[in-house]
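>>> no letters, just coordinates:
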């Protein structure tokens, strides 16, 4: 089993964690804050995703990421919720750029998601890990996470398993 990893930032890490935990082939999701380099050194909410490349491809993961947060909106909370794909190896940059370029035609507005080098990770405290799995019926989950998971069920039905009822 060949595992690789990538990190995603965009919206609330509780939402992002729940989205990627639902995808078949994703073996581990770490929720917390990620920092990068060159003007992006502040920590921003994100997840690290470890996935099995024989079960899920990078293009699907990136597409899911771009569809499940405001990847075309440069809103006032972008410092806390940086729209980013964090790479771990330099040779991943070109592939990520090509994937975003290919996916752009599915969006009416320009994708603003940054491609950034992963530098450092700080995990969320234990009480917030697996937030949706522990709290699927909380108002936050119903309002923000359920719609994202419904989108996944519709668009990627063969690639997701949602363990909690929506």
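That came in fine, so what should we check first? Keep in mind it's a predicted model, so treat the numbers as computed, not measured.

>>> got the contact list for residue 104?
By Cβ atoms under 8 Å, 6 or more residues apart in numbering, the contact set of residue 104 is 110, 111. C-beta: built from backbone N, CA, C; applies to glycine.

>>> wasn't it part of a strand?
No. Per DSSP: H, G, I helix; E, B strand; the rest coil, residue 104 lies outside any strand segment and is helix.

>>> check what pLDDT it gets.
pLDDT for residue 104: 97.

>>> and it, how far from residue 62?
Between residue 104 and residue 62 the computed distance is 11 Å (Cβ to Cβ, to the nearest Å).

>>> would you map the strands across the chain?
With DSSP state E as the criterion, the chain has strands at 3-9, 26-35, 44-52, 84-87, 114-117, 120-123.

>>> and residue 74, which of those is closest to it?
strand 114-117 (10.7 Å; Cβ to Cβ).

>>> quick one: mean pLDDT for that closest one?
96.

>>> what's it in contact with?
36-37, 40, 82-87, 93, 96-97, 100.

>>> how about a cut-off of 10 Å?
Outside strand 114-117, the residues within contact range by Cβ atoms under 10 Å, 6 or more residues apart in numbering are 7, 9, 34-40, 44, 46, 78, 82-90, 92-94, 96-97, 99-100.

>>> which of the residues in it are buried?
Across strand 114-117, burial judged by 16 or more other Cβ atoms under 10 Å covers 115, 116, 117.

>>> likewise stretch 80-96?
81, 82, 83, 84, 85, 86, 87, 92, 96.

>>> ok, now stretch 98-105?
For stretch 98-105, the neighbour count (16+ other Cβ under 10 Å) marks 99, 100, 103 as buried.

>>> over to stretch 132-152?
132, 135, 136, 141, 145, 146, 148, 149, 152.

>>> can you count the residues close to residue 78?
Using other Cβ atoms under 10 Å, residue 78 is surrounded by 17 other residues.

>>> quick revisit: could you identify the most distant pair in the buried residues of stretch 132-152?
135 and 152 (18.4 Å).
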